[in-house]
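# Okay, here's the prediction I keep looking at, along with the sequence it came from:
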Amino acid sequence: MTASNNAHASPAAGDPDRLRELEASQPRAIHGSWARRAIPIGAVLAAIAYLVFSVFYFEVPRVIREARFDLIELYALDLYAYKVHVTKEVGEPEAVTVQLEGSRLSEYDEPPAWVSLSGDTQTVDLGDSGSVTMQPGLVTIRPADAKPIRVRATEDGVKVLSGDVPDRLQISELKVDARLDTWARVQITKSKVEVHRYFLGWANFFYTFDSELKGKSLGELVDLAFFSDKRLSFDMPNWQFILAEFWGNPLWQHGAIFWAMVQTLIMAIVGTLCAALIALPLSFAAAYNVNPLKGVRFGVQRLFDSLRAVDHLIWSLIFIRAFGLGPLSGIFAFMFTETGTFGKLFSEAVENIDRREPEGVQATGASRLQKYRFGVLPQILPVFVSQLLYFFESNTRSATIVGALGAGGIGLKLMQTIQTRQDWENTLYIVTIIVLTVIAMDSISGWLRRRLIGAPESN
Amino acid sequence: MASDTTAPGSGLSGTAARSLSDRRIEEIESSYASVVRRRNLYTLLMIVVCTVVIAGGFRTAEEANSGTFWGGITALFDYPADIIGEAIERGWGWFAVVWKYVPALIETINIAILSTLIGFVGGGLLSFVASRNLVGSKPVVWSMRRVMDVTRALPELVLALFAVLIIGPEALAAVFAIAFHTTGALAKLFSEVNENADMRPVHGLQAAGGNWVQRMRFGVLPTVLPNFLSYGLLRLEINVRASAIVGFVGAGGLGQALKTNVGWRHGADVAAIMFLLIATIIVIDYVSTWARRRLTGSAGVI
């Protein structure tokens, strides 16, 4: 790699005679056989051919042409920003309402500092994006980087009076829609004018508008919790009330999401654990060195195969009809699929044991049961524990999917936030919780595996 | 667990003058007893923990569930009985129903193959940058590993759902979602294979003046490729299931068909789709187990 290495590179370099000599004495090492060189080239060509086929099969050009990539920016913005709507009805020239995300439930009591009122004229300061002035019948949009645009808005209709009409302005008889930049947007119809301004962050993450605690800093909260004489609630101490208000936040639903995550974990862990406990005795019946009856072995092995072949999801669809929506169907889905998986893995482990240990136990006069308990079980216990831990982790991830499609838990919550197409910040919040939980399960199970089995493992 | 201790040497301790070996035996005996006690305690603890987890889990799940445990247990197989019954009612006509879903099956398999291919190449490239023995810089390896953690932890369904919103209900949404997840999952497995690779060929190439790319291509790749292929096949098997699942959010294939028919309660169609899916999974399971045995020379477990 370094220059010094290159200086005394292979001795044959620069010596054509020596190279030819080597070539003659070691023909296979330098050129290799035709087949050996053809296989990798053929594999690469086949892969490329398949990719070309896929472009047509999945109609990639059409899909890309019709895709709404502009939505990505819009949705992505909503992941980490919130918007405040300033609305003015044409019929009421002196009143504006300021609402968070346009929700009637979260209205500002007083307009924020960036909305200035003077009689029937209101000016909305949009920061770096510019500003908007609303007068009766006339709206003036002042983008930061272009000439002002004047729009007449009366009950008869909407009309752009002056100013360049840039691309970002969508105009029809009924509506003017201007996106000044990513962070600001103005919509003018004949009945109302609406200005959206975006701010970075998650609004109301701790307390919503209707909470007494909105807008309080951490210091104030600590003070209220432990040092203040003011009682916030008649039912509970202040610190409890402060936690309860946060936990029950109606927009972010911290408590509900936590419980949904617990349900998901229960589905994965209880289902997997039950499966392992059921599969352990059955796996002995499927191992040839324990069970001499070929017919029984064949039956148990096919039972494992068929349980395993049906995915968690399909089992959960089946069990939802029996248990109704909820985590019980999820538990049973994991129990059925993983009994098949564990049965196969454990019976392979039993078949691969060292025969001398059970023989030694037998030589002391042990019964059949004792032979398996002290001669076989200790040998397959490491496989049992490591597989169990591995599947705890992998099924936590699967449980979010099974949950999303009906079995409840955090998956269902996630699905709901995505389908509204409005609450992307909640989606990000839930996805973050899922990802952190899965990573935590991953490292806990890896750590336990190393502690219990002492298997050297890289991570 | 319950270990029946027969105290060795208990007959020897009767004499008044205790020999050295007697004391030694007693020492062994007491330490053996303490080990047994501790093991029994651990066993008891494990049994208690398992019982509490299972019992508590079922109770909590039942509270959150819309139906009850006992009501469900008795009706566990009603639904499969229903759909199989409807399929049998159709008689031979049912096979025409099965045939109707073969194009959807082919789409599902194609989604799986393409996304495995993309994930294989992506994961392979990523793994060389994420192996401690191949990259000198620790921060690079550390950050690549965290990237892999996050790509693996993101559920495919979420990505597919998001992709469906952007590109519409197309099979390509499923390809994107599964390929993304596969890249992360394979990169982790591949980097573990790389870290277990024999480093002597790499050192040899370095001594001969090979640069990093050459060392990876001629020193590492030939030894790890069989394992890579084996993991890739295993992933293909997993991805066939995954591509059937992500179809549920409208990303094409068998999943989409299954979702529609489950919703409409077309029992015979549901039975046909499940039959195709299960048969495919069994066939792929056998083929890939056979191929992996040939590649690595052993039963590739996990």
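Yes, it's here. Here the structure is a predicted model, which means the values were calculated and not measured.
# can you pull the contacts of the nearest residue to residue B:258 once chain neighbours are set aside?
Closest residue in space to residue B:258, ignoring its immediate chain neighbours: residue B:273 at 4.8 Å, by CB to CB, 6 or more residues apart in numbering or on different chains. Bear in mind the C-beta positions are built from the backbone N, C-alpha and C, glycine included. Residue B:273 makes contact with B:101, B:104, B:254, B:257-258, B:261 under the criterion CB atoms under 8 Å, 6 or more residues apart in numbering or on different chains.
# Please save the CA atoms from the lowest-mean-pLDDT helix or strand in chain B in CSV.
Least confident helix or strand, chain B: helix B:69-74 with a mean of 82, by mean pLDDT, DSSP states H and E. What follows is helix B:69-74, C-alpha atoms only, in CSV (Å, rounded to 0.1, in the frame of the first residue of the first chain):
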residue,chain,number,x,y,z
PHE,B,69,-58.1,-16.7,26.7
TRP,B,70,-60.6,-19.6,27.2
GLY,B,71,-62.9,-18.3,24.6
GLY,B,72,-60.1,-18.3,22.1
ILE,B,73,-58.5,-21.6,23.0
THR,B,74,-61.7,-23.5,22.3
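# what's the distance between residue B:221 and chain A?
10 Å (CB to the nearest CB, to the nearest Å).
# before we move on, back to that, which residues are in contact with the least confident helix or strand of chain B?
With CB under 8 Å, 6+ apart, helix B:69-74 has contacts from A:319, A:322-324, A:328-329, A:332, B:58, B:62.
# If we use 7 Å, what do you get?
A:322-323, A:328, B:58, B:62 (CB atoms under 7 Å, 6 or more residues apart in numbering or on different chains).
# Out of those, which sit inside helices?
A:322-323, A:328, B:58, B:62 (DSSP state H).
# Nearest to residue A:373 among these?
Checking those against residue A:373 with CB to CB, the nearest one is residue B:58 at 27.7 Å.
# Now for that closest one, how many residues are close by?
18 (other CB atoms under 10 Å in any protein chain shown).
# how near is it to residue A:342?
19 Å (CB to CB, to the nearest Å).
# Widest-spaced pair of the contacts of helix B:69-74?
Maximum distance among the contacts of helix B:69-74 (CB to CB): 14.8 Å, for A:322 and B:58.
# about what we covered before: out of the contacts of residue B:273, list just those in helices.
Reading helices off the contacts of residue B:273 with DSSP H, I get B:104, B:254, B:257-258, B:261.
# Closest one of those residues to residue B:51?
Of the ones in helices among the contacts of residue B:273, the one sitting nearest to residue B:51 (CB to CB) turns out to be residue B:258, at 37.0 Å.
# ok, the closest one - how many residues close by?
Counted with other CB under 10 Å, residue B:258 comes out at 26.
# And the chain, what are its domain boundaries?
I went with chain A, as the question did not name one. A:81-200, A:254-453 (automatic domain parsing).
# Hmm, no, I was thinking of chain B.
B:10-64, B:93-296.
# what residues does the stretch 51-200 of chain A put near chain B?
Within the stretch 51-200 of chain A, the positions adjacent to chain B are A:54, A:57-58, A:60, A:63, A:66-69, A:71-72 by CB under 7 Å from any CB of the partner chain.
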